[in-house]
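**Q** here is my input, please return the structure:
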Amino acid sequence: MDQQTLKRLMRYDPLTGEFFWKTGAYKGKRAGCVSSTGYIKIVYKRKDYQAHRLAFLYVTGRMPVSDIDHMNCNRADNRWINLREVSRSVNAHNRAKENTNNKCGWAGVHQLRNKWVAQISLPNRSKQHLGVFNTAEEAHLTYLLAKEVYFGDH
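**A** Residues are numbered from 1 along each chain as shown. Now for the predicted structure:
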């Protein structure tokens, strides 16, 4: 799909994030539905399109090369102000719930003997050591500060 075709078929409202059909049997009706993954899916000619990627195409004139991040973590919120093109790594750091699938239960923290180590994964896939702390809470706070520095405030 290209921008010209998209604009011929649909109207995008950047303030609400909704698409509306401009032609066919559904003219004037809202386009798309919520998929099982929580994203808005629009079907055209038996092909599925994610509405956030179409919103990017509609506004910028090109399909995104990498991921589109929903900054508020709501996958169905396709308002233009809520969308940004980011790397897969940055997008993975913007989650509604931190990955705490580790023994200590704190994101970015692991235990080393009787101390707590904070580290963060960077966009280039390297890990940055952030320090050694007396408590898991201190290590986690350091991780959160580093996350804001490297990936922005979510």
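
**Q** right, and the helix or strand after the helix or strand of the chain at the bottom of the mean pLDDT ranking?
**A** Ranking every helix and strand in the chain by mean pLDDT, DSSP states H and E puts helix 88-93 at the bottom, with a mean of 75. Counting by DSSP states H and E, the next helix or strand C-terminal to helix 88-93 is strand 109-112.

**Q** partners of that next one, with directions?
**A** Next to strand 109-112 in the sheet, as set by DSSP bridges, lie strand 115-121 (antiparallel).

**Q** could I get the partner strand in PDB with only the CA atoms?
**A** Provided in PDB are the C-alpha atoms of strand 115-121 (Å, rounded to 0.1, in the frame of the first residue of the first chain):
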ATOM      1  CA  LYS A 115      25.100  -7.500  46.800                       C
ATOM      2  CA  TRP A 116      22.800  -6.300  43.900                       C
ATOM      3  CA  VAL A 117      24.000  -5.500  40.400                       C
ATOM      4  CA  ALA A 118      22.200  -3.200  38.000                       C
ATOM      5  CA  GLN A 119      22.600  -3.400  34.300                       C
ATOM      6  CA  ILE A 120      20.700  -2.300  31.100                       C
ATOM      7  CA  SER A 121      20.700  -3.600  27.600                       C
END
